[in-house]
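Participant: Based on what follows, work out the 3D shape:
(2 chains)
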Amino acid sequence: MSQKKKSNPVATYVITAIILAIITYIEFAIIEYEIAWLSSAAILFWLIALSVVKFIMVVAIFMHLKDDELTYTGFFSSGMLLALGTFIVLPILFTVASIPDPIGPEVRAQAAEQTQEAGNGDLSTPPPADRSTQIEAPGAAPADATVRDADSTGGQETGEEAQAQAGEAPADEDAQAVADEGEEAEPAAAGAIDFDREQGEAVYAANCVSCHQGEGQGLPGVFPPLAGHIPDLINAGGRDYVIDVVLYGLQGPIEVDGQTYNGVMPAWQQLSDDDIAAVVNHMATAWGNEEQLDEFAVVTEEDVAQHRDQDPGDLLERRAALAQ
Amino acid sequence: MSSATVAAAQAQGDHRSTNLPDIKLLMWLFLASDCMMFGALIATYMIYRERSLVGPFPVDVFDIPLTTVSTFVLLMSSFLMVLALHYLRVNDIPKFRLWTFGTAFFGSIFLGFQIYEFRHFVDLGLTVHQNLFGTTFFILTGTHGVHVALGVLMLLGFLISSYLRPTTGESSAVYLDVIALYWHFVDIVWIVIFTVIYLIEFV
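Facilitator: Just a heads-up that it's a prediction; the model follows:
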């Protein structure tokens, strides 16, 4: 309270103001005159530390919290804590990339290997660890099946065949890819494309559903639909376009089913290749989209990695080209 | 509670069982809620940071020397504010009026900088609907600017009322104290914005 301040408070205020001014100048100098011996992490640390010092000085001295009733401090700090919590948790929620893969890649690879062994030994037993869903690809031509029937060496080549169909199969595959392809060798898989639908659903639920809605129906005039629209794009040769839109986002006027949309879709670079592949496969086949597809080569992790390295060009122009 | 204590409490004007001025408690509570609003706005800015697809991007438009000057002006207005409150408490009315006016004046300079900055950004092609950066930046700094403008109006209002009715001592000071709290709060929000929005872009 004011009685406590026997010493001249004006002197305290002046000193505080001078320190605040000096700190502001230091912050400015750190940024303006690039300091070579400070790493960017150190600069970040010092900037945040200095602003916290300024913050506390203003609150404690100018707002008198240092000498005032504790009740005020209690009110203010509870609000600050909630704000700080929001500030920390919200960005984490939006950038966390690991949620869609709760069992981890190692476990997944292991399960896939077991599947391969089981598949080679006893074809009739579906292994319990296999979380993948087999779906029939309408585009798989009978000729393909014939090739596979003739192919007596089994799973691995069939998998490569499926990849070659995707058009962008890298020559050397890592162990994970080989193991994944082993799953495709199951008898029911003749001409089937295979992806982890649960993973696709999880990625969609974590990132896409808030705009494109639960059934991919979008919001007329605000968020374009995916259901019934993704097959149109893919049938027009837009498989690469769809991958690029997820990777790089889209901004500007577009038209879907006679409805105009002029919004912003953010880029999803922070998702892993695996997640993006899964969610594109999910969008292409969910909500009855699968039945409308003429042909669809399953998107693989490698496809996405390749797109990540390429310049997508003008996506709106590419979209206009697809519409024709 | 006996009727005597109620009467005593009422005689004290805005004092209650907490023995703290209601209006000051109210302001702290409001500031706590305002913290959460700015927390959400800044968090939103951070989420969409570096996710704009088209320019102008922050590094294209930010002018750190200019913003440092406006930050300095706002900090110094906080200093004048605390002086004004002190001189009202010790009944030095001319100095109280001078520094209250000084605070409002420095606040207006800050607003001038912000208006200049906004117009400059728009000239560079950054509008609210240009990209995610524009949307989140203008909403955040615009909300802060509205807070500053409200603060200036409250200060000028208090200054004018000091000519119209007797304004002396602790009983009047509590009202200036409340305005001062608001003013310092606007200042600390800007301290955060200056670091988190402006400076970090150039690390």
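
Participant: Downstream of the longest helix along chain B, the next helix or strand is which one?
Facilitator: Of all the elements of type helix in chain B, the one with the most residues (DSSP state H) is helix B:132-164. Toward the C-terminus, helix B:132-164 is succeeded by helix B:169-193 as the next helix or strand (DSSP states H and E).

Participant: And that following helix, what does it pack against?
Facilitator: helix A:40-57, helix B:22-47, helix B:64-89, helix B:93-123, helix B:132-164 (3 or more CB pairs under 8 Å, 6 or more residues apart in numbering or on different chains; DSSP states H and E). Where C-beta positions appear, they are placed from N, C-alpha and C, glycine not excepted.

Participant: could you give the angle of the shortest one to helix B:169-193?
Facilitator: Using axes from the mean of the first three to the mean of the last three CA atoms, to 10 degrees, the direction of helix A:40-57 lies 170 degrees away from that of helix B:169-193.

Participant: Find me the pLDDT at A:Pro128, would you?
Facilitator: For A:Pro128, the pLDDT comes out at 46.

Participant: what sits up against stretch A:224-231?
Facilitator: Stretch A:224-231 is contacted by residues A:208, A:212, A:215-218, A:242, A:254, A:256-257, A:259, A:261, A:283-284, A:286-289, A:292-293 when judged by CB atoms under 8 Å, 6 or more residues apart in numbering or on different chains.

Participant: Which secondary structure element is home to A:Ile254?
Facilitator: Here A:Ile254 sits within strand A:250-256, counting by DSSP H and E.

Participant: Sorry, wrong one. I was asking about A:Asn262.
Facilitator: Assigned by DSSP H and E, A:Asn262 belongs to strand A:259-265.

Participant: where in chain B is pLDDT low?
Facilitator: B:1-16 (pLDDT under 70).

Participant: do that again at 90, thanks
Facilitator: B:1-22, B:46-57, B:59-60, B:91, B:125, B:129-132, B:165-173, B:200-203 (pLDDT under 90).

Participant: Among the contacts of stretch A:224-231, the buried ones, what's the PyMOL command?
Facilitator: To isolate the buried ones among these in PyMOL, judged by 16 or more other CB atoms under 10 Å in any protein chain shown, type:
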select buried, chain A and resi 208+212+216+217+218+242+254+256+261+283+284+286+287+289+292+293
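
Participant: Which of the contacts of stretch A:224-231 fall in helices?
Facilitator: Among the contacts of stretch A:224-231, the ones falling in helices (DSSP H) are A:His212, A:Val242, A:Met283, A:Ala284, A:Asn289, A:Gln292.

Participant: now, the most widely separated pair of these?
Facilitator: Farthest-apart pair in the ones in helices among the contacts of stretch A:224-231 is A:His212 and A:Gln292; separation 17.0 Å (CB to CB).

Participant: Around chain B, pick out the residues from the stretch 51-200 of chain A.
Facilitator: Residues of the stretch 51-200 of chain A lying near chain B by CB under 8 Å from any CB of the partner chain: A:51, A:54-55, A:58-59, A:61-63, A:69, A:71-72, A:75-76, A:78-80, A:82-87, A:90-91, A:94-95.

Participant: tell me which strands and helices the strand holding A:Ile254 is in contact with?
Facilitator: For strand A:250-256, the elements it packs on are strand A:259-265, helix A:315-323, judged by 3+ CB pairs under 8 Å, 6+ apart.

Participant: Relative to B:Tyr87, tell me which of the ones you listed wins on proximity.
Facilitator: strand A:259-265 (51.0 Å).

Participant: so what strands line up beside the closest one?
Facilitator: strand A:250-256 (antiparallel) (DSSP bridges).

Participant: For the residue nearest the centre of chain B, which residues are in contact?
Facilitator: Centroid check for chain B by CA atoms, centre = their mean gives B:Val186 as the closest residue, at 2.5 Å. Taking CB under 8 Å, 6+ apart, we find B:Val186 in contact with B:Leu74, B:His144, B:His147, B:Val148, B:Gly151.

Participant: Could you dump those residues into TSV with neighbour count and distance to B:Gly39 added?
Facilitator: Listed next are the contacts of B:Val186 as TSV, based on neighbours: other CB atoms under 10 Å in any protein chain shown; distance: CB to CB, whole Å:
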residue	neighbour count	distance to B:Gly39
B:Leu74	26	19
B:His144	21	13
B:His147	19	14
B:Val148	21	18
B:Gly151	25	20
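
Participant: out of the residues of the stretch 51-200 of chain A next to chain B, which are buried?
Facilitator: Buried subset of those (neighbour count, 16+ other CB under 10 Å): A:51, A:54-55, A:58-59, A:61-63, A:69, A:72, A:75-76, A:79-80, A:82-83, A:86-87, A:90-91, A:94.

Participant: tell me the SS of the closest residue in space to A:Phe195 that isn't next to it in sequence?
Facilitator: Spatially, and ignoring its direct neighbours in sequence, A:Phe195 is nearest to A:Asn281 (4.2 Å; CB to CB, 6 or more residues apart in numbering or on different chains). At A:Asn281 the chain is in helix, as set by DSSP: H, G, I helix; E, B strand; the rest coil.

Participant: Any chance of the helices and strands packed on strand A:250-256 in JSON lines with mean pLDDT as columns?
Facilitator: Below are those laid out as JSON lines (pLDDT from 0 to 100):
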{"stretch": "strand A:259-265", "mean pLDDT": "85"}
{"stretch": "helix A:315-323", "mean pLDDT": "85"}
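
Participant: can you list these in a markdown table and add distance to B:Ile93?
Facilitator: As requested, the helices and strands packed on strand A:250-256 are exported to a markdown table (distance: least, CB to CB, whole Å):
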| stretch | distance to B:Ile93 |
| --- | --- |
| strand A:259-265 | 54 |
| helix A:315-323 | 65 |
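
Participant: among the helices and strands packed on helix B:169-193, which is the most enclosed?
Facilitator: helix B:64-89 (a mean of 22; mean count of other CB atoms under 10 Å in any protein chain shown).

Participant: Is that one positioned near chain A?
Facilitator: Yes - against chain A, helix B:64-89 shows contacts by CB under 8 Å from any CB at B:64-65, B:68, B:71-72, B:75-76, B:78-79, B:81-83, B:86, B:89.

Participant: And stretch B:103-120, by the same measure?
Facilitator: No - Stretch B:103-120 stays clear of chain A (CB under 8 Å from any CB), getting no nearer than 11.4 Å.

Participant: end-to-end on stretch A:291-303?
Facilitator: Start-to-end span of stretch A:291-303 (CA to CA, to the nearest Å) is 23 Å.

Participant: How about stretch B:84-103?
Facilitator: Between the opening and closing residues of stretch B:84-103 there is a gap of 8 Å (CA to CA).

Participant: Take the helices and strands packed on helix B:169-193 and lay them out in TSV including distance to A:Gln199.
Facilitator: Formatted as TSV, the helices and strands packed on helix B:169-193 follow (distance: least, CB to CB, whole Å):
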stretch	distance to A:Gln199
helix A:40-57	33
helix B:22-47	24
helix B:64-89	44
helix B:93-123	42
helix B:132-164	27
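
Participant: quick one, which of those helices is nearest to A:Val10?
Facilitator: Nearest of these to A:Val10, taken as CB to CB: helix B:64-89 at 6.2 Å.

Participant: how far away is A:Val245 from B:Met27?
Facilitator: Counting by CB to CB, to the nearest Å, the separation of A:Val245 from B:Met27 is 48 Å.

Participant: Also A:Phe94?
Facilitator: Where B:Met27 is concerned, A:Phe94 sits at a distance of 33 Å (CB to CB).
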